[in-house]
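Visitor: sequence plus predicted model, see below.
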Amino acid sequence: MHRSAEAALAGMAGAALAAVAGSLIGIAAPAAIVGAVNGVISGRRRIYSWRKPAGVTAFVLDSTWALGTTTAAVVSHGAGALRGEPGFTPALSERQNRHVYARGMTFRRGFAITYGNSVNGTGDTSHPRRAKLVTDHEDVHVWQARWMGPLYPVLYGGWMVGGAVGGVFVWLARRGRIDAEPASLGKTIESCAYYLNPLEWWAYSRDDHWPPSGKVKGLGPAKPIVRSFASKR
């Protein structure tokens, strides 16, 4: 199918699905706009693998239940473009049910960040480790957002806030322990708020990267929560 035709059809289908979903909470028009924009951009880039159940499922969820995180993805497309060439990566995006940017909308150098179906800040994915970061870690977040829908940002953000507060108490409790690794307050807070987030534990485990090097040693679970994708290949 030609890119323009796919963009038009995906845009219309996305708008229709989103309008129905949005009408349930009285926001049919704004929802339809987001669904249409996501459909047009994704169709133009041939993001969805239409011939596979996963691709159809991804599109339906992005246009309905996960419309909130899809909105964040749409915003990231625009914000990334405004910041300069975002570095769209077709090889990791086309028919992969996600948008991948080498740069895009990021807040921390060296760290990728995912907004709905949009992965930003992956860097040079010609290096195997950076490509694996996309396929085995960030893609987990893409699907977490799809399946959890509006609960995803609440759960992720709620843990970060609670983890930051808890990190202060953990740091105070560990200061006098001889057997505890010396760690700054900032590193302890980061470990509790970010690395120990169950959603990150899940993604790092799938990436065969648990425990991550940035986490304070001896803090939190020592073993992965699920098997890595690499162990299944």
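Guide: Ah, there it is.

Visitor: and for the residue positioned nearest the centre of the chain, nearest residue in space, chain neighbours not counted?
Guide: The structure's the chain has its C-alpha centroid closest to residue 114; by Cα atoms, centre = their mean the separation is 3.0 Å. Spatial nearest neighbour of residue 114, excluding adjacent residues (Cβ to Cβ, 6 or more residues apart in numbering): residue 141 at 4.2 Å. Where you see a C-beta, it was placed from the backbone N, CA and C, and this is true even at glycine.

Visitor: hmm, who's touching stretch 38-45?
Guide: The contact list for stretch 38-45 (Cβ atoms under 8 Å, 6 or more residues apart in numbering) reads 3-4, 6-15, 47-48, 59, 62-63, 70, 73-74, 77, 88, 90, 93-94, 99, 117.

Visitor: ditto for stretch 192-200
Guide: With Cβ under 8 Å, 6+ apart as the criterion, stretch 192-200 contacts 141, 144, 152, 155-156, 159-164, 166-167, 170, 201, 204, 211-212, 214-215, 219-220, 225.

Visitor: of these, buried ones?
Guide: 141, 144, 152, 156, 159, 163, 166-167, 170, 201, 204, 211, 215, 219 (16 or more other Cβ atoms under 10 Å).

Visitor: so of the contacts of stretch 192-200, which ones are in helices?
Guide: 141, 144, 152, 155-156, 159-164, 166-167, 170, 201, 204 (DSSP state H).

Visitor: which one of those is nearest to residue 33?
Guide: residue 152 (21.2 Å; Cβ to Cβ).

Visitor: would you agree the closest one is in contact with residue 69?
Guide: Yes - the pair residue 152 / residue 69 is scored as a contact, 6.0 Å apart, by Cβ atoms under 8 Å.

Visitor: anything in contact with each of the two?
Guide: Contacts common to residue 152 and residue 69, judged by Cβ under 8 Å, 6+ apart, are residue 145.

Visitor: okay, now the domains of this protein?
Guide: 3-149, 153-232 (automatic domain parsing).

Visitor: in the protein, which spans are strands?
Guide: With DSSP state E applied, the chain shows strands at 99-100, 113-115, 118-120, listed in chain order.

Visitor: of all these, which one is nearest residue 52?
Guide: strand 99-100 (17.6 Å).

Visitor: before we move on, back to that, what sits against the residue nearest to the centre of the chain?
Guide: 120, 138, 141-142, 145.

Visitor: that one and residue 171: what is the separation?
Guide: 28 Å (Cβ to Cβ, to the nearest Å).

Visitor: the chain: helices as residue ranges?
Guide: So, for the chain - with DSSP H - the helices run 3-23, 28-45, 53-63, 67-82, 128-132, 139-148, 151-174, 185-190, 198-206.

Visitor: average model confidence for the shortest one?
Guide: Looking back up the chat, that one is helix 128-132. The average pLDDT within helix 128-132 is 96.

Visitor: do the same with the last one
Guide: Per-residue pLDDT values across helix 198-206 average out to 98.

Visitor: and if you look at the fourth one?
Guide: Average pLDDT, helix 67-82: 96.

Visitor: got the buried residues for it?
Guide: Buried, per 16+ other Cβ under 10 Å, within helix 67-82: 67-74, 76-77, 80.

Visitor: understood, closing this out.
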